[in-house]
Structure formats: structure tokens, C-alpha cells
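Peer 1: Give me a model of this one.
(one chain, ligands or ions: 1)
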Amino acid sequence: MSNTVDNSKRRFLTTAASVVVGGAGAAAVAVPFVSSMLPSAKAQAAGAPVEVDISKLEVGQLMTIEWRGKPVWVYRRSPEVLENLASQDDVLRDPESDVIGQQPDYCKNEGRSIREDLMVLVGICTHLGCSPTYRPELAPEDLGSNWKGGFFCPCHGSKFDLAGRVFKGVPAPINLVVPPYYFQGDSRIIIGEDAQGAA
Ligand code: FES
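Peer 2: Numbering: from 1, shown residues only. Here you go, the predicted structure:
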């Protein structure tokens, strides 16, 4: 049991899991993704942690799962993306993640993550709650020549980088939320609580 997000209609559908594949100049494509997610759908809705298998998640791919009725993105960053994260502090509103409550303390770093290659974010805009669109392309016409990949909210134009950090001059006031999570080995993430069991 897993999920995808319908960005255009702000609806969160509970259908088959998907991975969104993106690359420079390429349109996002949904491909089947088999993930192991426990416990049951009923327990998940009540807020139980969700176990996610990331063993098939390739560099540049974005996977969407559901946690507490919200879309959560898991994305594998490339070395180029990591380089770009380090080079755009001046266009971000809170590059150091100083706003408390938007991420666990263990994710208060440049990538806002435990492992720098793995991004985990709640995919809900901090303006009025739309689900932003994954836009991995470099310098697309509609987002400008300085765009290095990120998330664009179609509702009112907010922009976030590939760590969920909000750009200056957009309606969203703060960075996207990083949920509590931890790794179980190299290929599993538990989303919804940290390694000490805190939610
Ligand atoms: S809800 Fe995202 S910009 Fe308004």
C-alpha cells in the first residue's frame, strides 16, 4: 500500500507507489516502484511510522509515500545537486534552517538530512498547503536561468531548493518540513519517529 500525489488538484491519492524520474530537460515520468511499507494502512492513518524500502531509488529519482495522510518525498541527490546546494545561500530565506520546528535537530545542516545523498521532506507548501511540483531541470524557461532544480508550487509560485529551503521573494514564509526519521541499514528508512522512538 503506497501513494502518489496529484499536484495539480491538491489531492493526495492512495494508489500504487511511484517514483518520479527527472533529469535535465526531461519531463517527469512516473514509473512503478515496489516498496515495503509497514504497518497497515489503518495504523498509518493513525500516525504510525512508515517503513520505506529505498534500495531501488536511483540518483535523481523522487519517491512519494504517505505518512499521517501527507505526502512525504524521498529523493536521492547527485554530487552535482549537493554542489548546487552549497552555492545559493544568498537567494534563500533561511539557508541555515534557523526556524525551529521545520526539521529535527539532527537535520539542521545544509542538506537538511541525515545522509547527504538522501532527502526526506513533507511535500506540502508552507504557504497555504498545496503540494509543490518536482522540477529537477536546470534553467527551464519558466523558472529562470539561475534555477538549479527544486520544487515549484503551482498555486502561488513559491520555490524551494532540493533541500526544501524556501527562496526569498515568494509567498511561502518558511522551509518545507523535514519529518522525524531514521535509517535501518542502507536501504530502509523509518519515517515518523527518530532513532530514539520520538515522533
Ligand atoms: S500554497 Fe504554495 S505558494 Fe501558495
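Peer 1: Would you mind finding the longest helix in this structure?
Peer 2: Ordering each helix of the chain by length in residues (DSSP state H) puts helix 79-85 first.
Peer 1: What strands flank the next helix or strand after that helix, and is each parallel or antiparallel?
Peer 2: Proceeding N to C from helix 79-85, the next assigned helix or strand is strand 118-122, under DSSP states H and E. Paired neighbours of strand 118-122 in the sheet (DSSP bridges): strand 70-76 (antiparallel).
Peer 1: is it true that residue 158 touches residue 173?
Peer 2: No. Applying CB atoms under 8 Å as the test, residue 158 and residue 173 come out as separate, 9.2 Å apart. For the C-beta atoms, the positions are set from N, CA and C on the backbone; glycine is no exception.
Peer 1: Between those two, which is the more surrounded one?
Peer 2: Using other CB atoms under 10 Å, the more surrounded residue of residue 158 and residue 173 is residue 158, with 23 against 12.
Peer 1: Do you know the pLDDT at that one?
Peer 2: Confidence at residue 158, expressed as pLDDT, is 98.
Peer 1: List the residues that contact the spatially closest residue to it that is not a sequence neighbour.
Peer 2: In this structure, residue 158 finds its nearest non-sequential neighbour in residue 172, 3.7 Å apart by CB to CB, 6 or more residues apart in numbering. Each residue near residue 172 by CB atoms under 8 Å, 6 or more residues apart in numbering is listed here: 125-127, 153, 158, 160, 166.
Peer 1: What of residue 156?
Peer 2: Residue 156 sits in contact with 127-128, 130, 170-171, where contact means CB under 8 Å, 6+ apart.
Peer 1: In strands, which of those residues fall?
Peer 2: With strands defined by DSSP state E, no entry of the contacts of residue 156 lies inside them.
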